[in-house]
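J.: Sequence and predicted structure below; questions after.
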Amino acid sequence: MDDYPLLNVFWTMMWFFLWIMWFFLLFKVITDIFRDHTLGGWGKAGWLIFVLLVPFLGILVYLIARGHSMRERDQKQAEEQQAAFRSYVQQTAGAGSGSADELHKLSVLKDKGDITQAEFDQAKAKILA
């Protein structure tokens, strides 16, 4: 361990994590280029070529020029995903519990004697249909 001091381990780890962050940022920018609906095909091609041919400068310029709209697209996508999730949960929970609640109410009415067995069966068939 004497031939590789602790400070060198620190620097190696730092460069490794910076390298990982660089690739994360590169993929994030490339994904954002293709996700942007306001850019045309030539605009996307131009940004992609710029980012791939001169990566450090290309990503720096992209973040300066389009970083704000990049954040807005991320927020819009997150809101759309949240709305879709809520809609799915409401549909799933609402469909099952609505039928169950109606059947429970009918069962209570039948037990009280407010409706007959025939009326119960007819209403049950209507709810389950």
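T.: Ah, there it is.

J.: Now do stretch 69-86, average pLDDT.
T.: Regarding stretch 69-86, the rounded mean pLDDT is 91.

J.: Number of residues surrounding residue 41?
T.: Taking other C-beta atoms under 10 Å as the criterion, the count of residues near residue 41 is 7. Backbone N, C-alpha and C define where each C-beta goes, glycine included.

J.: Which SSE is immediately downstream of the lengthiest helix in the chain?
T.: If you go by DSSP state H, the chain has its longest helix at helix 55-112. Toward the C-terminus, helix 55-112 is succeeded by helix 117-128 as the next helix or strand (DSSP states H and E).

J.: Buried residues of that next one, list them for me.
T.: The neighbour-count criterion (16 or more other C-beta atoms under 10 Å) identifies 120, 123-124 as the buried residues of helix 117-128.

J.: Now tell me what touches that helix from outside.
T.: With C-beta atoms under 8 Å, 6 or more residues apart in numbering as the test, helix 117-128 has contacts from 99, 102-103, 106-107, 109-110, 115.

J.: Please apply the same query to stretch 70-79.
T.: If you take C-beta under 8 Å, 6+ apart as the criterion, stretch 70-79 is touched by 29, 32, 35-36, 63.

J.: Kindly reformat those as CSV containing distance to residue 52 and pLDDT.
T.: Supplementary listing: the contacts of stretch 70-79 in CSV, determined by distance: C-beta to C-beta, whole Å; pLDDT from 0 to 100:
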residue, distance to residue 52, pLDDT
29, 10, 94
32, 14, 93
35, 17, 90
36, 17, 88
63, 15, 91
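
J.: State the pair within the residues you listed that is farthest apart.
T.: Taking C-beta to C-beta as the measure, the contacts of stretch 70-79 span a maximum distance of 15.2 Å, between 35 and 63.
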